[in-house]
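Visitor: Test case, fold it:
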Amino acid sequence: MYESFYGFKEKPFNILPDPDYLFMSKVHENVYTHLEYAIMESKGFVVVTGEIGSGKTTLINYLIDKIQQDVQIGLINQTYVSPNQFIKMVCQDFELDVEGLDKAEMVDRLHEFLLAQFADNERVILIVDEAQNLTPKTMEELRMLSNLETEKHHLIQMILVGQPELKLKLQRKDLVQFVQRITVNCHLNGLNKEEVTDYIKYRLTVAGAKSLHLFDEGAIDLIYRYSKGIPRIINVICDAALVYGFADSLHTIEKAVIETVVKERREAGLFTSGETPPPVLSDRAESEVDMPQKGMSTQDMLDVHRRLKMIENRLEGLDQRLTMLAKTRWDRDQIVVELFKMLKSSMESRVRTLINIQQSRKKGFFKK
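Guide: Residues are numbered from 1 along each chain as shown. All right, here's what the predicted structure looks like:
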């Protein structure tokens, strides 16, 4: 819509994880170096975490583009599955016919495949995106798959990519053996102020912009403030700002435009300032909540309070969306989809937190 007006060959702030638009900040470069090292040295488990929208998937796509041809790569990003379903998905991603086979037979088929690849001097890497959603039982299946090895070599290398909740989940007592297999662990933070400026100019350059000063200094200051350096939120703000700029025939995006964008998105309940959702407690139907055995500290209590407050804020955002639905300028179908996603997330988070508190009180884990 605004591409020709600003002289772009394509939209510079698309939120899709396009490796061509990967901006290598110091943190991204550090994580990529760790990944490269882990692959070259055939390290076992690798864990990469980062805030929502920090560029984890984009970095992984970039890594896949750079990996040599003698490596077989499996990529799993649907992680709300049972252990059996997960094993089946892994096999299918490596194009193995496992229809009608039970779990043991699927693992045997996978083992045969890995041995064949090893005999052909080809490495096998399994990348699991959105790994924070894996249940502990599924993670145990992953650990068992890592046991498929020769005397001196791993037959399969695994890279787990997820949100910060993954780090919390790995603190569970029943995942001690899994954690012991992790050889490389790194985290993606948001960009600093200088990097946000460079990030915006980099994406403008890739998109073929005639001017790299399309956003003035005041606008960039606000973008950094509201996005907290999270690339996806930067993209959302900048893209919306360009739409407003095009509508008003603005050749420079100033501070006032960013303020308008953020204000209207907040009123529509579509702006979250990069907040991180509460930890996901998986296997609820299969096991009880794992709580500290020596009582919850004051910090633990504050964390629970913070989670409840976050849920309240999300519910308040839902209410705002419903209020704005009739008068907002946003596409109705898009808002309805967003509403249902937010409602589902909020309800699940609330249930998990309340169960957490109830179980803790029942077991007497709260300090008086």
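
Visitor: What number of residues are in the vicinity of the closest residue to I87 other than its chain neighbours?
Guide: Spatial nearest neighbour of I87, chain neighbours left out: M106 (5.1 Å); criterion: C-beta to C-beta, 6 or more residues apart in numbering. Where you see a C-beta, it was placed from the backbone N, CA and C, and this is true even at glycine. If you count neighbours by other C-beta atoms under 10 Å, M106 ends up with 19.

Visitor: and M106, helix, strand or coil?
Guide: Secondary structure, DSSP: H, G, I helix; E, B strand; the rest coil: M106 is helix.

Visitor: for the one 4 residues further on, same thing?
Guide: At L110 the chain is in helix, as set by three-state DSSP.

Visitor: what pLDDT does it get?
Guide: With respect to pLDDT, L110 scores 93.

Visitor: Quick check: nearest residue in space to it, chain neighbours excluded?
Guide: C91 (5.5 Å).

Visitor: Need phi/psi at that neighbour.
Guide: Backbone geometry at C91, expressed as degrees, to the nearest 10, gives phi -60, psi -50.

Visitor: which ones are touching R123?
Guide: Applying C-beta atoms under 8 Å, 6 or more residues apart in numbering to R123 gives the contacts 39, 42, 70-72, 117, 157.

Visitor: The same query, at a cut-off of 7 Å, please.
Guide: Going by C-beta atoms under 7 Å, 6 or more residues apart in numbering, R123 touches 42, 70-72, 157.

Visitor: same check, this time on L155
Guide: Residues in contact with L155, defined by C-beta under 7 Å, 6+ apart, are 114-115, 118, 124, 148-149.

Visitor: so how far is I15 from it?
Guide: According to C-beta to C-beta, to the nearest Å, L155 and I15 sit 36 Å apart.

Visitor: what's the answer for P164, then?
Guide: Taking C-beta to C-beta, one finds P164 at 20 Å from I15.

Visitor: more crowded one of those two?
Guide: The neighbour count for P164 versus I15, taken as other C-beta under 10 Å, is higher for P164 (18 against 15).

Visitor: I figured that one was touching I52, is that so?
Guide: No - with contacts counted by C-beta atoms under 7 Å, P164 stays clear of I52, the gap being 8.8 Å.

Visitor: where do the helices sit along the stretch 51-200 of the chain?
Guide: 56-66, 83-93, 103-119, 136-145, 165-169, 176-180, 193-206 (DSSP state H, counting those that start in this stretch).

Visitor: Show me what secondary structure element comes after the last one.
Guide: Per DSSP states H and E, helix 193-206 leads on to helix 217-227 as the next helix or strand towards the C-terminus.

Visitor: For that next one, give me every contacting residue.
Guide: Here helix 217-227 makes contact (C-beta under 7 Å, 6+ apart) with 193, 196-197, 200, 233-234, 237-238, 253-255, 257-259, 262, 273-274.

Visitor: same check, this time on stretch 35-49
Guide: Contacts of stretch 35-49 (C-beta under 7 Å, 6+ apart): 31, 56, 63, 67, 123, 125, 146, 154, 157-164, 166-167, 181-187.

Visitor: one more time with 6 Å
Guide: Stretch 35-49 is contacted by residues 63, 154, 158-162, 164, 166-167, 181-187 when judged by C-beta atoms under 6 Å, 6 or more residues apart in numbering.

Visitor: Show the end-to-end separation of that stretch, please.
Guide: 12 Å (C-alpha to C-alpha, to the nearest Å).

Visitor: Now it: buried residues?
Guide: Within stretch 35-49, the residues that count as buried by 16 or more other C-beta atoms under 10 Å are 35, 38-39, 43-49.

Visitor: Same question for stretch 214-230.
Guide: Residues of stretch 214-230 classed as buried: 214-215, 219-224, 226-230 (neighbour count, 16+ other C-beta under 10 Å).

Visitor: Kindly report the same for stretch 7-26.
Guide: For stretch 7-26, by 16+ other C-beta under 10 Å, it's 8, 11-13, 17, 21-25.

Visitor: go on, stretch 161-175?
Guide: In stretch 161-175, counting by 16+ other C-beta under 10 Å, buried: 161-166, 168-170, 172, 175.
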